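Undergrad: Take this sequence and fold it.
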Amino acid sequence: MLFDHDDFCLCDLICKCFFRELTERTHQSRTVFPYNLAYVCQQWRTILSVTPEYWTKLVIFVGPNATPLDDIRSFLEWSKGLSLEVFVTRDFSSSITSDPAEPERAWTVFDILLPHFPCFTTFSFNVIHSSSLPSVMHLPLSMRDKDMTSINVFLMCAVDDGPMIAMDLPPTRASQNSEVMDFHLDGRNALSMTLNFASTLECWGSFTMSHYTPLSFETPISILDILQILCSLRGLCTLKLIDLHPVLGASYQYSLSIYSLYIEGIAFEDIAFEIIERFFILCHMEKLEVIKITRCPLDGPIEIPFTAETLILENIDSTLVSFLSDWDGTMLYVKNCTQFNDDVFALFNQFDEDGVLWPTHLRSITIEGCPNFTISALKNMVQTRVDSNGGGEPFTPDSRRVHDITLVNCEQTITPEDEAWFSANISKFYCR
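TA: Numbering: from 1, shown residues only. Modelled structure (predicted):
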């Protein structure tokens, strides 16, 4: 027996306390339950080890102060085949930007985890180097338990230092029911997928591709290669592209290649304007509802008009007028954009050649942390749209009037007279 009667009573009491901790664990840390208590003493470790429910979220560290390999094997054994969330990560609080020992350590951990993959509901690697990541082609997605049809996969790195280290494993083939809810792959890993492999995956949540820079000795990937992979994935709902540097490819290819993505949202982060522009030119996205752009230079207009109900711009330092001249949506959210100024409101005051204001159905504007516009220009834009709608006409679906405006952490002074004016001319005005 593991415990005598007295020990069992103590065990029962401690387990009740532990279950409270179990319901509150939400983050990846060395101090999160149950790891913080498993190292208190051998008795507590023993008590924890006989309750598989405690070991359904494994947090494994590589790099300095790595999780001992024997502990990883014990954690897996203690989970007794229950569904597992597995997070392989490292301490990113330090300023370390390179770790030559990381790839070998990460691969050793992956080798230990691989036989248990059918039990995983989340599989996450978050490391420094792309060479530390397992290849998505080595994940046995087709070996998963029949009652566990979907998995979240996150293979992330901070630095693209080249291909993953080769393993003595044959590439796996996904089965037709390999469903991935949320998929985050480093760019090199995503682009290593064959089109045949990608076409067998059903990605019903979000797909993120991050960090790819072609190395001097390799054939670079083009934006057309990226689009081929993305269009091969089935069921894609939202897409996020981060810090990718593909080549544009030959210009003649653009007139020959048109792709379709049936996604509802797309986000660009640290992406060159030329890549964003080519994306809209080459890819037809008829269901697109939300576009989010963060830290990207928006140096000019897109060559074709683009429509999405919601446009979110964050931390953009370039002029916005040319880019916004091609957008025809209803909700604009701007945050920490230094060049968001009165020129934008002047643009929204302009009529097209048919005498229609553009954007044609602008309804909502949220401005956060943008100091370089004036309240008078904002009021002038609102007034122009009120006048174009017949003055006091109600807010109807076909109305050109702005319905609501929100100002957050802006430096402009709003007087009581300003608030009264906005209240009289729009449905909702909020400022803080």
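
Undergrad: And the helices in this protein, which stretches?
TA: Along the chain, the stretches classed as helices by DSSP state H are 5-24, 35-38, 42-49, 69-78, 102-113, 187-191, 195-198, 223-232, 273-282, 321-324, 342-347, 375-388, 416-425.

Undergrad: so which of those gets nearest residue 90?
TA: helix 102-113 (7.4 Å; CB to CB). Any C-beta I mention is one placed from the backbone N, CA and C, and that applies to glycine too.

Undergrad: Send me the closest one as PDB with only the CA atoms.
TA: Output of helix 102-113 as PDB, limited to C-alpha atoms (Å, rounded to 0.1, in the frame of the first residue of the first chain):
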ATOM      1  CA  GLU A 102      18.600  24.300 -27.300                       C
ATOM      2  CA  PRO A 103      18.000  22.200 -30.400                       C
ATOM      3  CA  GLU A 104      19.500  19.000 -29.000                       C
ATOM      4  CA  ARG A 105      17.600  19.400 -25.700                       C
ATOM      5  CA  ALA A 106      14.300  20.200 -27.500                       C
ATOM      6  CA  TRP A 107      14.700  17.100 -29.700                       C
ATOM      7  CA  THR A 108      15.300  14.900 -26.700                       C
ATOM      8  CA  VAL A 109      12.100  16.100 -25.100                       C
ATOM      9  CA  PHE A 110      10.200  15.600 -28.300                       C
ATOM     10  CA  ASP A 111      11.400  12.000 -28.500                       C
ATOM     11  CA  ILE A 112      10.100  11.400 -25.000                       C
ATOM     12  CA  LEU A 113       6.700  13.000 -25.800                       C
END
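
Undergrad: Looking at the helices of the chain, spot the one closest to residue 55.
TA: Of all the helices of the chain, helix 69-78 comes closest under CB to CB, at 4.6 Å.

Undergrad: Could you list the buried residues of that closest one?
TA: By 16 or more other CB atoms under 10 Å, the buried positions in helix 69-78 come out as 72, 75-76, 78.

Undergrad: And the furthest pair within those?
TA: The farthest-apart pair in the buried residues of helix 69-78, when distances are taken by CB to CB, is 72 and 78, at 10.9 Å.

Undergrad: related to what we said a few turns ago, CSV please, covering the helices of the chain and showing distance to residue 244 and mean pLDDT.
TA: As requested, the helices of the chain are exported to CSV (distance: least, CB to CB, whole Å; pLDDT from 0 to 100):
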stretch, distance to residue 244, mean pLDDT
helix 5-24, 37, 49
helix 35-38, 35, 73
helix 42-49, 43, 78
helix 69-78, 33, 93
helix 102-113, 22, 92
helix 187-191, 5, 83
helix 195-198, 17, 74
helix 223-232, 7, 88
helix 273-282, 7, 89
helix 321-324, 19, 92
helix 342-347, 28, 96
helix 375-388, 35, 92
helix 416-425, 41, 94
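
Undergrad: winner for burial among the ones you listed?
TA: Ranked by average neighbour count under the criterion mean count of other CB atoms under 10 Å, the helices of the chain are headed by helix 187-191 at a mean of 24.

Undergrad: What is that helix packed up against?
TA: The helices and strands touching helix 187-191, judged by 3 or more CB pairs under 8 Å, 6 or more residues apart in numbering; DSSP states H and E, are strand 206-212, helix 223-232.

Undergrad: just how off-centre is it within its chain?
TA: 15 Å (CA atoms, centre = their mean, to the nearest Å).

Undergrad: One more: stretch 279-299?
TA: 15 Å.

Undergrad: how close does residue 362 sit to residue 332?
TA: For residue 362, the distance to residue 332 equals 7 Å [CB to CB, to the nearest Å].

Undergrad: go on, residue 400?
TA: Residue 400 is 15 Å from residue 332, by CB to CB.

Undergrad: again, but for residue 123
TA: From residue 123 to residue 332 the distance is 37 Å (CB to CB).

Undergrad: Where does pLDDT dip in the stretch 201-350 of the chain?
TA: 249-257, 303-305 (pLDDT under 70).

Undergrad: Kindly recompute the last result at 90.
TA: Scanning the stretch 201-350 of the chain for pLDDT under 90 picks out the ranges 201-206, 212-226, 228-236, 247-261, 277-287, 299-308, 325-328, 350.

Undergrad: Walk me through the domains of this protein.
TA: 1-55, 56-165+172-288, 323-432 (automatic domain parsing).

Undergrad: Quote the end-to-end distance of the longest one.
TA: This points to domain 56-165+172-288. Its start and end residues considered, domain 56-165+172-288 measures 37 Å (CA to CA, to the nearest Å).

Undergrad: so how far is that domain off the chain centroid?
TA: The mean C-alpha position of domain 56-165+172-288 is separated from the chain mean by 12 Å, CA atoms, centre = their mean.

Undergrad: measure the closest residue in space to residue 119 that isn't next to it in sequence to residue 332 for me?
TA: Of all residues not flanking residue 119 in the chain, residue 84 sits nearest, at 5.0 Å (CB to CB, 6 or more residues apart in numbering). From residue 84 over to residue 332 the distance is 42 Å, taken as CB to CB.

Undergrad: Next: residue 119.
TA: According to CB to CB, residue 119 and residue 332 sit 45 Å apart.

Undergrad: More neighbours: which of those two?
TA: residue 332 (22 against 18; other CB atoms under 10 Å).

Undergrad: Quick check: bridge partners of that one?
TA: Beta bridges link residue 332 to residue 311, residue 365 when assigned by DSSP bridges.

Undergrad: which residues touch it?
TA: 310-311, 313, 362, 364-366 (CB atoms under 8 Å, 6 or more residues apart in numbering).

Undergrad: switch to 7 Å and redo it
TA: If you count contacts by CB atoms under 7 Å, 6 or more residues apart in numbering, residue 332 has them with 311, 362, 365.

Undergrad: Repeat that for residue 372.
TA: 338, 340-341.
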